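Asker: Below is the sequence, then the predicted model.
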Amino acid sequence: MKMNEIKSLADKDLREKLENAELAYTQLKLNHSVTPLENPSQIKAARRDIARMQTELRQRELNK
């Protein structure tokens with residue numbers, strides 16, 4: 001997910017996406033520990049997307 005897409009979301013939508021992304025990340029890690037993924041870089045990409053969303057939420061919180 002690009003930063004432009006993240007910035008265009010409303011707070012509620014962003015929190016929902018963050019929650020879903022965290023669940024998907026946990027599932028990816030679990031699946032990878034059982035059976036190696038074909039593309040393990042998905043884990044890294046998911047972690048970075050989560051960080052981008054958390055950063056945007058924090059910036060919005062500080063700007064209020």
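Answerer: Perfect, I can see it now.
Asker: mind listing what Gln42 touches?
Answerer: If you count contacts by Cβ atoms under 8 Å, 6 or more residues apart in numbering, Gln42 has them with Leu28. Heads up, the C-betas are built off the backbone N, CA and C, glycines and all.
Asker: burial of Leu18, as a residue count?
Answerer: Neighbour count for Leu18, taken as other Cβ atoms under 10 Å: 19.
Asker: so what's it up against?
Answerer: Contacts of Leu18 by Cβ under 8 Å, 6+ apart are 50, 53-54, 57.
Asker: Next, give me the two most distant ones among those.
Answerer: Taking every pair in the contacts of Leu18 and measuring Cβ to Cβ, the maximum separation is 10.8 Å, between Ile50 and Leu57.
Asker: In three-state terms, how would the residue nearest the centre of the chain be classified?
Answerer: For the chain, the residue nearest the mean C-alpha position is Ile50 (2.5 Å; Cα atoms, centre = their mean). Three-state call for Ile50 (DSSP: H, G, I helix; E, B strand; the rest coil): helix.
Asker: next one: Leu37
Answerer: Quick answer, by three-state DSSP: Leu37 is coil.
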